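K.L.:
structure of the sequence below:
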Amino acid sequence: MRKKLIYCPYCSARFEDKKEHGFKRHYCPKCRDFFYDNPLVGTAVVAVKAGQLLLIKRNIHPGRGMWALPGGFAEQGETVEAAAKRELYEETGLKAKKAVIDAVLTENSFMYGTVIVPVIKASGLTGKLKPGKDELEAKFFDMDKLPLLVFSTHRKAVRELIKGRGTDAQRDRRTEG
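P.N.:
Numbers count the residues shown, from 1 in each chain. Down below sits the predicted model:
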């Protein structure tokens, strides 16, 4: 569950709530400045090989024991494409030669608040498939036999992929396998 800040991280004064541009925000009376509680950025990686979609079974909350696309939070100074490649490798042992932003979605998370989720299509996969330390499994699934995904953004990204918005799956079926 996401904790609400009470004190300014710069001077430790107690926040006051004050309206700015129609939003109720934290205001530090000592620093005389607003504190913006901005959304986090977390990637979702769509990786298709031989017509199958790569998924991970989570071993951490939220969604422990459930399936998801590989991905995670971007670090300071990291592009979302680099974050997607890093998370893909950490969670599955696979490296991607190419990572391209396909869509940007929004997830409202009980633990993290609003999360902006760039959906990244990864291609040119190399390496040996193995789950990372925070995953129970990493596995490729047939598109017509996918398990329920824990996050709404992941479900939407996969629905769009299957509808043909991203035709990588169709191309993969014709050229690989």
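K.L.:
are we agreed that S123 is in a strand?
P.N.:
Yes - assessed by DSSP: H, G, I helix; E, B strand; the rest coil, S123 belongs to a strand.
K.L.:
nearest residue to it other than its sequence neighbours?
P.N.:
Excluding the flanking residues, the one nearest S123 by C-beta to C-beta, 6 or more residues apart in numbering is K98, at 4.7 Å. (Glycine included, C-beta is placed from N, CA and C.)
K.L.:
okay, now the unreliable bits of this protein?
P.N.:
By pLDDT under 70, the low-scoring segments of the chain are 1, 165-177.
K.L.:
how is it divided into domains?
P.N.:
1-37, 40-175 (automatic domain parsing).
K.L.:
which SS class is the residue nearest to S123?
P.N.:
For K98, the assignment made with three-state DSSP gives strand.
K.L.:
give the contact list for it.
P.N.:
When contacts are counted by C-beta atoms under 8 Å, 6 or more residues apart in numbering, K98 touches 122-124.
K.L.:
which of those has the most neighbours?
P.N.:
Neighbour tally across the contacts of K98 (other C-beta atoms under 10 Å): the maximum, 29 neighbours, falls on A122.
K.L.:
what sits against that one?
P.N.:
45-47, 84-85, 88, 96, 98-99.
K.L.:
buried among those? Need that as a selection in PyMOL.
P.N.:
Only the buried entries of these go into this PyMOL selection, using 16 or more other C-beta atoms under 10 Å:
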select buried, resi 45+46+47+84+85+88+96+99
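K.L.:
could I get the contacts of A122 as CSV with distance to L148?
P.N.:
Converted to CSV, these look like this (distance: C-beta to C-beta, whole Å):
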residue, distance to L148
V45, 18
V46, 17
A47, 19
A84, 22
K85, 26
L88, 21
A96, 25
K98, 29
A99, 26
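K.L.:
fine, thanks again, bye for now.
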